[in-house]
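# Give me coordinates for this.
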Amino acid sequence: MIRKFARYSALILAAAIVLGILFNGRISSWFEGDRALAASTKLQERAGQDMRNIPGTTNNQKLASTSGSMANMPGMDISQGQQPGQSAAQAAPQAERKILYYYDAMNPTFRSDKPGTATDGMPLVPKYADEDAGIGNMPVGMVKIAEAKQQLIGVQTATVQRERLFRTIRAVGQLTADETKLAHVHLKVSGWIDQVYVDYIGQLVKKGQPLFTLYSPDLVATEQEYLIARRGKQYLGDSSFPDASRGADSLLQSARERLRLWDISDEQIKKLDETGEVTRTLTFYSPIDGFVLDRKAFPQTSVTPDMELYTVADLSTIWATAEIYEYEVPYVHVSQQAQMEVSYVAGKTYSGRLTYISPTLDPQTRTVKVRLEFANPKFELKPQMFSEVLLKIDYGNQIVVPPDAILDSGEKQTVFVALPNGYFEPREIKIGAKLDEKVIVLSGLKAGETIVTSGNFLIDSESRLKSAMGGMKH
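A predicted model of the protein is given here:
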């Protein structure tokens with residue numbers, strides 16, 4: 001009997017030790033809680049006493065002061081309907097968002113009724129019922145992005161502007177003589193050059209200035225025929241035979257015309273009439289004002305009609321030949337004003353106009369040749385010089401956007417228009433010329449609209465995802 005009692009006593013003692021070890025912390029906290037509650041009660045009574053001692057203090061203020069004191073104590077929360085240690089946010093019932101299904105963000109066609117992992121290893125994303133709220137009647141591809149998410153992906157916007165645009169086409173030009181003011185001196189009879197008056201290339205000559213003298217047996221014979229016909233006209237002009245008089249007139253006119261066809265001037269013929277003597281050599285004169293570019297006339301040399309004895313160029317106007325790229329051709333036209341700068345003449349700009357556009361394209365350089373004409377009264381511009389040609393293009397008032405705002409797929413160009421409340425609308429546009437930092441928009445946008453200039457690739461991905469998922473609903 002004694003042994004059995006001792007055994008039960010040992011079991012009870014062991015159980016007590018185990019329970020003491022297990023509940024020691026909790027029991028201590030209970031005692032500490034009681035001590036804290038007692039301390040708080042004393043503080044509350046003291047605060048209430050202080051509030052009663054303040055004149056004009058209402059009961060509500062006293063109650064609020066007491067509640068605030070208790071709320072500030074560790075472990076105390078006096079929210080209505082709460083248990084100690086439970087926060088207000090946990091106590092308040094949360095309105096859970098309705099999940100329609102789960103889908104793979106990389107493959108929106110993959111859906112599941114339960115969360116998990118897709119076949120490609122991507123975690124499934126929930127599709128909420130309220131995500132598309134307010135977008136039902138809006139254009140296809142419209143997407144709504146919260147402001148916090150916009151900041152996260154770096155969305156930046158700009159306002160569409162209407163501006164007066166100018167552009168300058170710069171091209172390298174090579175100067176050449178004006179081909180419409182070139183003169184080539186040839187003879188129409190054979191002979192020998194006697195004297196040369198203009199004897200070097202580059203000499204400036206005036207119109208009518210002597211170039212050289214020529215002896216030609218054919219010219220001498222024609223002069224003699226002319227003098228004979230002239231004397232016959234004098235003798236037979238008053239003849240009683242009309243046929244003889246007409247024959248003398250015809251012979252005189254024929255000899256005179258032959259001299260003219262051989263470039264014998266009327267002054268020379270008049271001198272021949274006055275003197276009545278045959279001139280052994282005849283002088284040939286410069287047909288224009290200009291510079292001698294080529295010379296093959298030398299004294300005591302035989303010449304024939306096929307020889308070019310002089311080339312004279314009037315350089316009072318000069319041409320500049322330049323090449324422009326094929327995409328620039330639509331913006332230039334004949335009679336367009338142009339400027340030119342030459343490095344040899346610093347600080348001076350020459351004004352001229354475009355006079356010719358080549359009808360063909362160089363297949364090697366993909367350029368088109370254009371010709372410009374400039375005045376050169378002081379002969380500062382020399383043939384074969386290089387210059388810089390400037391053609392100013394006026395595009396007028398145009399809608400412009402930054403290049404970064406345009407998503408160009410090759411077939412179409414798209415921008416995202418920022419709307420209120422975080423909505424973004426994809427808008428297809430037609431673009432025109434591209435300037436340095438601006439692109440002309442021909443249609444699709446209006447001045448004053450706000451467009452996305454940064455982060456539009458991510459918005460486009462979101463828009464395509466929404467469109468793809470919207471298409472699957474049908």
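
# can you pull the buried residues of stretch 339-351?
Neighbour counts over stretch 339-351 (16 or more other C-beta atoms under 10 Å) mark 339-342, 350 as buried. Just so you know, the C-beta spots here come from the backbone N, C-alpha and C atoms, and that holds for glycine as well.

# Extract the CA atoms of that stretch and return them as PDB.
Output in PDB follows, covering the C-alpha atoms of stretch 339-351 (Å, rounded to 0.1, in the frame of the first residue of the first chain):
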ATOM      1  CA  GLN A 339      22.800  79.700-101.300                       C
ATOM      2  CA  MET A 340      26.400  78.700-101.800                       C
ATOM      3  CA  GLU A 341      29.500  79.000 -99.700                       C
ATOM      4  CA  VAL A 342      33.100  78.600-100.900                       C
ATOM      5  CA  SER A 343      35.900  78.000 -98.500                       C
ATOM      6  CA  TYR A 344      38.300  80.100-100.600                       C
ATOM      7  CA  VAL A 345      36.100  83.200-100.000                       C
ATOM      8  CA  ALA A 346      35.500  83.100 -96.200                       C
ATOM      9  CA  GLY A 347      32.400  84.700 -94.700                       C
ATOM     10  CA  LYS A 348      30.600  85.300 -98.000                       C
ATOM     11  CA  THR A 349      27.400  83.700 -99.200                       C
ATOM     12  CA  TYR A 350      26.300  83.700-102.900                       C
ATOM     13  CA  SER A 351      22.600  83.600-103.800                       C
END
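
# what's in contact with it?
With contacts defined as C-beta atoms under 8 Å, 6 or more residues apart in numbering, stretch 339-351 is touched by 173, 320, 337-338, 352, 372, 374-375, 380-381, 385-390, 392.

# hmm, 7 Å instead?
If you take C-beta atoms under 7 Å, 6 or more residues apart in numbering as the criterion, stretch 339-351 is touched by 173, 320, 352, 374, 380-381, 385, 387-390.

# residue ranges with poor pLDDT in the stretch 251-400 of the chain?
Along the stretch 251-400 of the chain, no part satisfies pLDDT under 70.

# switch the cut-off to 80
251, 262-263 (pLDDT under 80).

# follow-up on the earlier one: so how do I select the buried members of the contacts of stretch 339-351 in PyMOL?
Buried members of the contacts of stretch 339-351, defined by 16+ other C-beta under 10 Å, are picked up in PyMOL with:
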select buried, resi 173+320+352+374+381+385+387+388+389+390
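
# The strand or helix carrying L442 packs against which elements?
Secondary structure from DSSP states H and E places L442 in strand 439-443. Identification of packing neighbours for strand 439-443 by 3 or more C-beta pairs under 7 Å, 6 or more residues apart in numbering; DSSP states H and E yields strand 386-401, strand 423-434.

# what packs against the shortest one?
With contacts defined as 3+ C-beta pairs under 7 Å, 6+ apart, strand 423-434 has these neighbours: strand 413-418, strand 439-443.

# what do you get if the cut-off is 10 Å, keeping everything else the same?
Strand 423-434 sits against strand 143-144, strand 161-177, strand 386-401, strand 407-408, strand 413-418, strand 439-443, strand 450-454, helix 456-472, with contacts defined as 3 or more C-beta pairs under 10 Å, 6 or more residues apart in numbering; DSSP states H and E.

# hang on, the earlier thing: closest to Y327 out of the helices and strands packed on strand 439-443?
strand 423-434 (8.7 Å; C-beta to C-beta).

# Mind listing what's buried along that closest one?
424-427, 429, 431, 433.

# how about that strand as CSV, C-alpha atoms only?
What follows is strand 423-434, C-alpha atoms only, in CSV (Å, rounded to 0.1, in the frame of the first residue of the first chain):
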residue,chain,number,x,y,z
TYR,A,423,-5.8,55.1,-69.8
PHE,A,424,-3.6,54.7,-72.9
GLU,A,425,-5.0,54.4,-76.5
PRO,A,426,-3.0,53.0,-79.4
ARG,A,427,-3.4,55.3,-82.4
GLU,A,428,-2.3,54.5,-85.9
ILE,A,429,-0.8,57.5,-87.7
LYS,A,430,0.7,58.4,-91.1
ILE,A,431,4.1,60.1,-91.1
GLY,A,432,5.9,62.3,-93.5
ALA,A,433,9.4,63.7,-93.6
LYS,A,434,11.8,63.0,-90.8
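
# quick one: the helices in this protein?
2-52, 59-71, 88-91, 147-153, 217-236, 242-261, 266-275, 456-472 (DSSP state H).

# any idea of the mean pLDDT in the second one?
Read it as helix 59-71. For helix 59-71, mean pLDDT is 39.

# The strand holding L442 pairs with which strands, parallel or anti?
Counting by DSSP bridges, the strands paired with strand 439-443 are strand 386-401 (antiparallel), strand 423-434 (antiparallel).

# now the end-to-end length of stretch 202-212.
Terminal residues of stretch 202-212 lie 16 Å apart, using C-alpha to C-alpha, to the nearest Å.

# Report the contact partners of the residue nearest to the spatial centre of the chain.
By C-alpha atoms, centre = their mean, the chain has its centre lying nearest to L435, at 2.0 Å. For L435, the contacting residues are 165-167, 393, 395, 398, 400, 403, by C-beta atoms under 10 Å, 6 or more residues apart in numbering.

# Can you say which of those residues are buried?
For the contacts of L435, buried by 16+ other C-beta under 10 Å: 165, 167, 393, 395, 398, 400.

# just checking, S443 touches V415?
No: applying C-beta atoms under 10 Å, one finds S443 not in contact with V415, separated by 12.0 Å.

# Quick check: neighbours shared by these two?
428-429, 431.

# rewinding a little: how about the buried residues of stretch 339-351, which pair is most distant?
For these, the farthest-apart pair by C-beta to C-beta is Q339 and V342; their separation is 11.1 Å.

# Please work out how many residues are found near L187.
22 (other C-beta atoms under 10 Å).

# scratch that, P287
Neighbour tally, P287, other C-beta under 10 Å: 16.

# Then E323?
By the measure other C-beta under 10 Å, the count of residues near E323 is 17.

# same check, this time on T281
T281 has 16 nearby residues by other C-beta under 10 Å.

# what does the one 4 residues further on give?
Other residues lying near Y285 total 18 when counted by other C-beta under 10 Å.

# With G173 as the reference, measure out to it.
Separation of Y285 from G173 (C-beta to C-beta, to the nearest Å) stands at 35 Å.

# do V389 as well
4 Å.

# Give the residues shared as contacts by these two.
Between them, V389 and G173 share the contacting residues 320-323, 338, 340-341, 370, 372, 374, judged by C-beta under 10 Å, 6+ apart.

# Go through those residues and name the one nearest F298.
For the shared contacts of V389 and G173, the residue nearest F298 by C-beta to C-beta is T321; the value is 33.1 Å.
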